[in-house]
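>>> Okay, predicted coordinates and the sequence, questions at the end:
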Amino acid sequence: MRRNWELLRNFGLEAIPILKIRESLVKDSKLDQNYLILILSSCLIATFGLLINSAAVIIGAMIIAPLMLPLRGFSFATLEGDAKLLSRSTGAIALGTIIAVGCSLIIGLIIGIPQFGSEIWSRTQPTLIDLLIAIVAGGISGYAKIRPEMSDAIPGTAISVALMPPLCVVGLTLSQGQWEAALGASLLYLTNLIGINLACIVVYVWGGYARSNELSRNLSWGVSILLIIMLAIPLGISFWQMIDRAKVNSSINKILVTESQLKHKSIELESLRVNWKAKPHSVLLKVKVAEPISSAEVKVVEQLLQQQLDKTFVVVFHVTASQRIQSSDNN
């Protein structure tokens, strides 16, 4: 069995020597001018991209990817019980986090944008899927680090998208007093941090670097798994809410648009938001329609939702009047 494991490990990873990988990780975790410039640059690009709701600009921040450098050192240090590397990497991660949140907070206060776009709101409701993304990204990062022929650009691209944008969302939402959104973005950042750390540890063990004493190794695994379990509860709740929200959205579209079960034939659904904290749950709909919607019609929508989803919802319409006008030549 041991021989088979060695063959699998060596064939699959062909990892570089432990002293060389440690030296590289110590260098990556160094808190110097280059690291601080990378943090500021990545934060500014991501923050401005979030403000203008541009995925393309946010991707620009992915390329810089500063936080992944000390994070891989942190994973290695916890696995090996390396106090020096652990101290250096933890300090770099902590300072980078503070700088990113502080910088985006200041920008948010200066600009004072009243409405956030979808790129920001999408990072305030993490789910189990985000944890899986973080684990895969962390695995890519650790794998590329122990394979000398692979470029660091691969894990850099994967990790930055998982770490820097949520931090910038924390700062921006705090600047506007959106405490619940800031908490959600913080949970996403913590989810990605822990998921990446656990995945890196797994790859390091697979590469044959787990040479610390049994106690420290078990402690490292135990803490990581405990944190994952703790995160799984709120993320699982959010995941099922996401599924329920998709079901509500599908049913509302069927009722109002696809099958048009109301008398109105030209309803345009602009947005849908579900308040899961309310008892019963409430659905806020923003629609454009030519004629007013009556309370009796709202009751019909509530009854149809209950029939389709087997749940009770309070439906509230925010109606914007619309009118179709054509030139006389087209009449």
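Sure, I can see it. Numbering: from 1, shown residues only.

>>> Which residue ranges make up the domains of this protein?
With automatic domain parsing as the criterion, the domains of the chain are listed as 2-212, 246-330.

>>> Any idea which of those gets closest to Trp240?
Trp240 lies closest to domain 2-212 among the domains of the chain, at 8.6 Å (C-beta to C-beta). (Each C-beta comes from the backbone N, C-alpha and C, glycine too.)

>>> Distance from the chain centre to that closest one, please.
Its chain's C-alpha centre and that of domain 2-212 lie 11 Å apart, by C-alpha atoms, centre = their mean, to the nearest Å.

>>> And for the residue nearest to Ala162 when sequence neighbours are not counted, the neighbour number?
Counting by C-beta to C-beta, 6 or more residues apart in numbering, Asn192 is the residue found nearest to Ala162 once chain neighbours are left out, at 4.2 Å. Residues near Asn192, counting by other C-beta atoms under 10 Å, number 27.

>>> and what of Asp32?
Asp32: 9 neighbours (other C-beta under 10 Å).

>>> same deal with the one 3 residues further on?
Tyr35 sits with 20 neighbouring residues when counted by other C-beta under 10 Å.

>>> Which strands and helices lie in contact with the helix or strand containing Ile21?
Element membership for Ile21 (DSSP states H and E) is helix 18-28. Contacts defined by 3 or more C-beta pairs under 8 Å, 6 or more residues apart in numbering; DSSP states H and E place helix 18-28 against helix 68-80, helix 83-111, helix 128-146.

>>> report the angle between the axes of that helix and helix 68-80?
140 degrees (axes from the mean of the first three to the mean of the last three C-alpha atoms, to 10 degrees).

>>> Can I get the helix or strand just after helix 18-28 in CSV? Just the C-alpha atoms.
Downstream of helix 18-28, the first helix or strand assigned by DSSP H and E is helix 33-51. Once non-C-alpha atoms are left out, helix 33-51 reads as follows in CSV (Å, rounded to 0.1, in the frame of the first residue of the first chain):
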residue,chain,number,x,y,z
GLN,A,33,7.2,47.5,-0.7
ASN,A,34,6.4,45.3,-3.7
TYR,A,35,3.7,43.4,-1.8
LEU,A,36,2.1,46.7,-0.6
ILE,A,37,2.1,48.2,-4.1
LEU,A,38,0.5,45.0,-5.4
ILE,A,39,-2.2,45.1,-2.7
LEU,A,40,-3.0,48.8,-3.4
SER,A,41,-3.1,48.3,-7.2
SER,A,42,-5.3,45.2,-7.0
CYS,A,43,-7.6,46.9,-4.6
LEU,A,44,-8.0,50.1,-6.7
ILE,A,45,-8.7,48.2,-9.9
ALA,A,46,-11.2,45.9,-8.2
THR,A,47,-12.9,48.7,-6.4
PHE,A,48,-13.4,50.9,-9.5
GLY,A,49,-14.5,47.8,-11.4
LEU,A,50,-17.1,47.1,-8.8
LEU,A,51,-18.3,50.7,-8.8
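
>>> Could you list the buried residues of helix 33-51?
By neighbour count with 16 or more other C-beta atoms under 10 Å, helix 33-51 contains the buried residues 35, 38-40, 42-51.

>>> Stretch 279-297 too?
Neighbour-count burial for stretch 279-297 flags 281, 283, 285, 287, 289, 293, 297 (criterion: 16+ other C-beta under 10 Å).

>>> Val170 is in contact with Arg123, correct?
No. Judged on C-beta atoms under 8 Å, Arg123 makes no contact with Val170 at a distance of 9.1 Å.

>>> Between these two, point out the one with more neighbours.
When Arg123 and Val170 are compared for neighbours, Val170 comes out ahead with 27 against 24, by other C-beta under 10 Å.

>>> that's a strand at Thr320, yeah?
Yes. Under DSSP: H, G, I helix; E, B strand; the rest coil, Thr320 sits within a strand.

>>> show me what contacts it?
Residues in contact with Thr320 (C-beta atoms under 8 Å, 6 or more residues apart in numbering) are 270, 286-289.

>>> Keep only those of those that are in strands.
Counting by DSSP state E, the part of the contacts of Thr320 found in strands is 270, 286-289.

>>> Spell out the residue ranges of the helices in the stretch 201-331 of the chain.
All helices of the stretch 201-331 of the chain, identified by DSSP state H, counting those that start in this stretch, fall at 214-253, 295-309.

>>> Quick one: list the elements packing against the shortest one.
When contacts are defined as 3+ C-beta pairs under 8 Å, 6+ apart, helix 295-309 sits against helix 214-253, strand 313-321.

>>> How far off centre is it?
Taking mean C-alpha positions (C-alpha atoms, centre = their mean), helix 295-309 and its chain are 34 Å apart.

>>> in that helix, what counts as buried?
297-298, 300-302, 304-305.

>>> Let's see the pLDDT reported for the residue nearest to Ala162.
What the model reports for Asn192 is a pLDDT of 85.
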